[in-house]
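> please work out how this folds:
(one chain, ligands or ions: 1)
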Amino acid sequence: MEIFRTVRLLRAWSRAAHKEEKIVGLVPTMGALHAGHASLIRAARSRCDLVAVSIFVNPTQFGPSEDYARYPRTFDADCAMAQAEGADVIFAPSVEEMYPDGATTFVDVEDLSNRLDGQSRPGHFRGVATVVTKLFVTAEADFAFFGQKDAAQVSVLRRMTADLRLSTEIVVCPIVREADGLALSSRNVYLSAQQRRQALALSRALGVVESLAGRGRRDREELIEAARAVLGAEPEVRVDYLALVDWATLLPVETAARGALFAVAAWVGETRLIDNTILS
Ligand code: AMP
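Here you go, the predicted structure:
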C-alpha cells in the first residue's frame, strides 16, 4: 500500500489506473478509522479494481468552538486497518496541500446546506462540499463511498455532484453499529462509560420510531414525540434535532412514507452524536 501526501501523486496514480482501464474507488475519511470505515473500504474493494482511502481532518468543516484540535488522530493504526481491508493507496495531505496559501474558493450547496446538521453547524457543509470537490477532482475516482450514518451529508454531496456534473458516482453504505446498537463514530471515544450507556438512547429512539411506523403510525409529530420521550429519559442527553424529512431535499414531510429519513442529533455531555433510519 502506498501513502501519498500530494495532489499530484494521487492524480498521477488515478490517471495511470484509468489508462489500464481500471475502475478507481475513493473512500473519503477523517481518519480514526473504525468498523464503519472498514465497511466502506470493503464495499469499494468489491466494486472497484483499485481503492484509495483519504485521511484528512478538514479544518473548514469545523466551527470555531468545535473539536478540530482534539479530533482523534490515529494515523498508524488507520494505515494498518486500511491495508488489512485491501486499500491500495492512502491519501493523507497536509492542510496546506488541500488549501494552498491564500485559498478563497469554496463550494456552497445552497439551501440544503442549512438543513439538519447544517442548521446546527453553520458552515459545516460548505467545508464538506469544498473538501469533497477537491478530493473528487484530485482522485478522479469512478465511485466514492459514503456512509448513511451522515445522511444529510449524502444529500448535500448528491446535489453537489449533480449540479457540478462531476463524474464520480456516489455509493451509500449502511450504518455499522456496535452489538448494542450504538452507531460507530470516531467521536465515541469522547464518551465516558456512563455517557456511552446513555448514548444508546439514540438508536433506541430510532427503534421505537421504526416499530411505530411498522404498525402504521406514520404521523411526523407522533414519531418525533415518541423519540423525544426515549431521549428525554436520559439525564445527560440533550436533543439537537429530531426530524422526519425527504432524504433528497431534507425538507420535513408530514407522514413517514417509505424512503423517508428519520434523523436525530443529540448532545451526550459535550459530545454531539447523530444517527438515523430510512423508513421502510
Ligand atoms: P468520517 O471519518 O467521520 O468523516 O467518516 C467518513 C465516512 O465514513 C463517511 O462517509 C461516514 O458516513 C462513514 N461512516 C462513519 N461512521 C459510520 C458507520 N458507523 N457506519 C457506516 N459508515 C460510517
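
> would you mind listing what in the stretch 101-250 of the chain touches the ligand?
Counting by C-beta under 6 Å from any ligand atom, the stretch 101-250 of the chain comes close to the ligand at 146-147, 149-150, 173, 175-176, 183-186. Every C-beta, even on glycine, is put in place using the N, C-alpha and C of the backbone.

> what's the farthest-apart pair in these?
173 and 186 (16.1 Å; C-beta to C-beta).

> and residue 149, what does it touch?
Counting by C-beta atoms under 8 Å, 6 or more residues apart in numbering, residue 149 makes contact with 36, 175-176, 183-185, 274-276.

> could you report the separation of it from residue 40?
As for residue 149, its distance to residue 40 is 10 Å (criterion: C-beta to C-beta, to the nearest Å).

> so for residue 107, what's the nearest residue that isn't a sequence neighbour?
What sits nearest to residue 107 in space, not counting adjacent residues and going by C-beta to C-beta, 6 or more residues apart in numbering, is residue 129, at 4.1 Å.

> element containing that neighbour, please.
If you go by DSSP states H and E, residue 129 is part of helix 124-139.

> what of residue 53?
Assigned by DSSP H and E, residue 53 falls within strand 50-55.

> angle of the following helix or strand past that strand against strand 50-55?
Downstream of strand 50-55, the first helix or strand assigned by DSSP H and E is helix 75-84. When axes from the mean of the first three to the mean of the last three C-alpha atoms, to 10 degrees is applied, the directions of helix 75-84 and strand 50-55 differ by 160 degrees.

> now what about helix 75-84, what contacts it?
Outside helix 75-84, the residues that touch it by C-beta under 8 Å, 6+ apart are 1, 3, 29, 31-33, 37-38, 41, 53, 55, 90, 92.

> which of those residues lies closest to the ligand?
Distance ranking of those against the ligand, using C-beta to the nearest ligand atom, places residue 29 first at 3.9 Å.

> specify the local secondary structure of the closest residue to the closest one other than its chain neighbours.
With C-beta to C-beta, 6+ apart as the criterion, residue 29 has its nearest non-adjacent residue at 5.3 Å, and that residue is residue 37. With DSSP: H, G, I helix; E, B strand; the rest coil as the basis, residue 37 sits in helix.

> returning to that earlier point: the ligand: which of the contacts of residue 149 is nearest?
Distance to the ligand across the contacts of residue 149 (C-beta to the nearest ligand atom) is lowest for residue 36, with 2.5 Å.

> quick one, what contacts the closest one?
Listed by C-beta under 8 Å, 6+ apart, the contact set of residue 36 reads 147, 149, 175-176, 183-185.

> filter the residues you listed down to the ones in strands?
residue 147 (DSSP state E).
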